[in-house]
Structures are given as C-alpha cells and as structure tokens.
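S.K.: Quick one, structure for this:
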Amino acid sequence: MALHEIVLMGDPVLRQEAEPVADEEFGDELRALVNDMFETMYHADGVGLAAPQIGISKRIMVVDVRDPDEPHKGKYALVNPRVVVSSRKREKDVEGCLSIPGLEEMVERPWAVEVEARDPEGNEVLIDAQALLARALQHEIDHLDGILFPDRVSPLKRRMLLKKWKKLQEED
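M.R.: Alright, predicted model coming up:
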C-alpha cells in the first residue's frame, strides 16, 4: 500500500468528469488502488476520497463514516457510482474537503440517497444511505463529476470561500 498526494483546488483534474472504469479494468491493480485510497484517506483524517483527488480521473471512490453516533455508518469502495434516488427531505450541514483544506461551509443536500455502483470485485452494489453517509456519498460522487462543495453554496458564499482560499494559498 502507498500514500498518494492529494491534489488541491485549482488542479484541472478536479474539474473534469472522471472516466468510467471498464469491465476489463477490474482486478488486482484496481484493488491495490482502492487500498491506497483508503490508506491516503485515513492518513489525511478524511471520511471520503475520490480518485480525482489523487490525480486519477477514474470513477472510483472510498468512504468510511466512522462516527459512533451515526446509525448508518459504513465503509465502502465504489466503482462507477451514481445516485439513483434522492429524498425530498433536505438537510444542511458543514462540509469540508481534503482537496480544499482550511475551508468549510454549510451545504444543503438530500438527507437520503440510493446509490448504485460496483465494488472492486465487480459485484453490483445498492446502498440505501441516510444522514452523514448519504452526504459523504454525494460529496464524493460530486468529485467524480468535477463538482466541488463551493459549487453547492450561494454565489456570495462561494466568492467568500474562494477569497479565503486564495489568502490561505498565499500564506503557504
């Protein structure tokens, strides 16, 4: 297993729609990448990581909701995931991102989702997720579509976040 460098906002790979994983790509190399992604995510103290965040434009993501108070916790490695059902009920909560360290903002998302995907072995998976797990899945699927959480807030808040990000980058 190996740690990967997490790319930061401004890297073009974060704004591209990631390529689907083809049937012939399932195998040892994909499983090794998933293990590396989990290791990288844990090292960065995140709850999710998408392949574009490590510079790989493929529709692969990992999530591990480790909150002991979260009734719908789960650890998932998903390939070619997509949201197939979203609840009408919506919820606002604070989101951050490993690719945008130092920024957090309230983001409104559906409270529950159903996600179809394949696991690293190629098996079909259907996840019925609520609360934090649903939020994490949606956040990572957004990455696969080239969407970052500041895109999900009002234009005024987005401008404020981008200004703060620019200042943080100048300080480094």
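S.K.: strand partners of the lengthiest strand in the chain, parallel vs antiparallel please.
M.R.: Assignment by DSSP state E gives strand 74-86 as the longest strand of the chain. Take DSSP bridges as the rule and strand 74-86 pairs in its sheet with strand 60-65 (antiparallel), strand 112-118 (antiparallel).
S.K.: list the buried ones in the worst-scoring helix or strand of the chain on mean pLDDT?
M.R.: The weakest-scoring helix or strand in the chain, judged by mean pLDDT, DSSP states H and E, is helix 155-171 (a mean of 90). Across helix 155-171, burial judged by 16 or more other CB atoms under 10 Å covers 158, 161, 165. Just so you know, the C-beta spots here come from the backbone N, C-alpha and C atoms, and that holds for glycine as well.
S.K.: Would you mind checking which of those residues is nearest to residue 7?
M.R.: Residue 7 lies nearest to residue 165 out of the buried residues of helix 155-171, by CB to CB, at 14.1 Å.
S.K.: give me every residue that touches the nearest residue to residue 30 once chain neighbours are set aside.
M.R.: Leaving aside its sequence neighbours, residue 30 sits nearest to residue 120 (CB to CB, 6 or more residues apart in numbering; 5.5 Å). For residue 120, the contact set (CB atoms under 8 Å, 6 or more residues apart in numbering) comprises 26, 30-31, 34, 77, 79.
S.K.: among the residues you listed, which ones are buried?
M.R.: Using 16+ other CB under 10 Å, the buried ones in the contacts of residue 120 are 26, 30, 34, 77, 79.
S.K.: Check the separation of the first and last residues in stretch 80-92.
M.R.: 26 Å (CA to CA, to the nearest Å).
S.K.: which residues touch that stretch?
M.R.: Contacts to stretch 80-92, defined as CB under 8 Å, 6+ apart, come from residues 20-21, 59, 61, 106-118, 131, 135, 137-138, 140-141, 144.
S.K.: Write a PyMOL command that selects only the buried members of those.
M.R.: Isolation of the buried members of these (16+ other CB under 10 Å) is achieved in PyMOL through the command below:
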select buried, resi 21+59+61+107+109+110+111+112+113+114+115+117+118+131+135+137+138+140+141+144
